[in-house]
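J.: Give me a model of this one.
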Amino acid sequence: QVQLVESGGGLVQPGGSLRLSCAASGFTLDNYAIGWHRQAPGKEREGVSCISSSDGSTYYADSVKVRFTISRDNAKNTVYLQMNRLKPEDTAVYYCATARFCGAKYDYWGQGTQVTVSS
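T.: Okay, here's the model as predicted:
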């Protein structure tokens with residue numbers, strides 16, 4: 001069974017850091033591009049970052065550039081999103097999803113993990 005499971009969310013103060021994990025089961029992650037997305041209450045879901053399967057190229061939304069870093073550990077079948085210098089506007093449910101390549105339609109989605117940035 002194909003499954004993506006996000007973890008690592010939580011409550012953090014502004015300026016703090018979190019590392020999200022996206023673990024796959026039932027398939028090999030390194031065959032796919034993996035994207036992180038987020039959805040805040042009352043807002044549309046937005047793409048945050050993506051890492052390609054072919055050469056490891058990474059892409060970021062302007063709002064998170066420099067602060068967030070996406071990486072993958074194929075041996076652990078896991079993709080990470082390191083989030084630094086978090087802001088209250090980063091509060092959202094974060095999802096990971098698979099695609100053939102960054103920019104393509106996302107096929108499989110995880111259930112999401114809540115990130116709350118608040119003092």
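J.: just the strands in the chain please.
T.: With DSSP state E as the criterion, the chain has strands at 3-7, 10-12, 18-25, 33-39, 46-51, 58-60, 68-73, 78-83, 92-99, 106-109, 113-117.
J.: any chance of those in a markdown table, plus mean neighbour count and mean pLDDT?
T.: C-betas here are computed from N, CA, C, even on glycine. Formatted as a markdown table, the strands of the chain follow (neighbours: other CB atoms under 10 Å; pLDDT from 0 to 100):
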| stretch | mean neighbour count | mean pLDDT |
| --- | --- | --- |
| strand 3-7 | 17 | 96 |
| strand 10-12 | 14 | 98 |
| strand 18-25 | 19 | 96 |
| strand 33-39 | 23 | 97 |
| strand 46-51 | 21 | 98 |
| strand 58-60 | 16 | 97 |
| strand 68-73 | 18 | 96 |
| strand 78-83 | 22 | 98 |
| strand 92-99 | 22 | 97 |
| strand 106-109 | 15 | 94 |
| strand 113-117 | 18 | 98 |
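J.: which residue is nearest the centroid of the protein?
T.: Nearest to the mean C-alpha position of the chain, by CA atoms, centre = their mean, lies residue 36 at 2.9 Å.
J.: show me what contacts residue 23?
T.: By CB atoms under 8 Å, 6 or more residues apart in numbering, the contact set of residue 23 is 4, 5, 7, 76, 77, 78.
J.: Great, nothing more from me.
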